[in-house]
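K.L.:
Generate coordinates for the sequence data below:
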Amino acid sequence: AEARRATVIKDFLTGILGEARPDKAQGREVTVMEAVDSAAARIDRDQPFRDDPLTLAHVLHAIGETYQSLDAYARAVPLFERALRLKRSAPGDNQETVLITLNKLSGCQAQTGDLKTAIETQQEVVALSVKLHGKEHDETSARINNLGNMYADSGELDKAEPLLRESLAIDRRILGNDHE
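P.N.:
Numbering: from 1, shown residues only. Sure, this is the predicted structure:
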């Protein structure tokens with residue numbers, strides 16, 4: 001199932017990027033943003049994954065990541081939100097992939113200036129990371145650090161400092177004092 005899903009996703013995204021080919025673009029330059037916008041619109045218009053919500057979730061996540069890499073955070077947020085809903089409602093254990101999407105969503109929310117929502121989402125990220133990996137894990141530490149930085153960015157230094165200290169302490173226990 002995973003191999004088939006990966007192939008379907010690759011084929012869909014390759015098809016979208018194929019829109020920039022000279023014979024399709026009809027002499028004009030197609031930007032990456034236009035190709036990604038086309039992919040996002042095509043998902044709603046053509047519903048190519050209507051029978052496979054988990055594949056749709058992965059495609060939405062991939063398009064969201066592309067928007068994120070283009071600094072189009074406001075365009076990424078609804079895609080990550082939709083991918084998250086689909087992953088949570090899909091059968092099976094999808095918690096690891098839910099964690100990845102939650103973390104991306106939180107970062108994009110912060111980048112759009114919605115720190116209050118980003119902090120709420122990042123709190124969920126930390127809780128799920130602790131559940132999946134335990135507290136003494138480098139990924140959990142990084143997520144605690146992100147939460148601390150979000151609090152600092154929002155001016156809530158009294159909440160930021162203990163989280164940043166906790167992250168540092170975890171890193172020192174895991175990686176040692178000499179790690180940079």
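K.L.:
Show me which residues of the helix or strand where Ala169 lies are buried.
P.N.:
Per DSSP states H and E: Ala169 is located in helix 157-175. Judged by neighbour count (16 or more other Cβ atoms under 10 Å), helix 157-175 contains these buried residues: Lys159, Ala160, Leu163, Leu164, Glu166, Ser167, Ile170, Asp171. Quick note: C-beta positions are derived from backbone N, CA and C, even for glycine.
K.L.:
how much space between the residue nearest the centre of the chain and Val125?
P.N.:
Nearest to the mean C-alpha position of the chain, by Cα atoms, centre = their mean, lies Lys104 at 2.6 Å. Separation of Lys104 from Val125 (Cβ to Cβ, to the nearest Å): 10 Å.
K.L.:
that older thread, if you average pLDDT over the helix holding Ala169, what comes out?
P.N.:
Averaged across helix 157-175, pLDDT comes to 96.
K.L.:
What helices and strands are in contact with that helix?
P.N.:
The contact analysis (3 or more Cβ pairs under 8 Å, 6 or more residues apart in numbering; DSSP states H and E) places helix 157-175 against helix 138-153.
K.L.:
Next, the buried residues of the helix it packs on.
P.N.:
Neighbour-count burial for helix 138-153 flags Thr140, Ser141, Arg143, Ile144, Asn145, Asn146, Leu147, Gly148, Asn149, Met150, Tyr151 (criterion: 16+ other Cβ under 10 Å).
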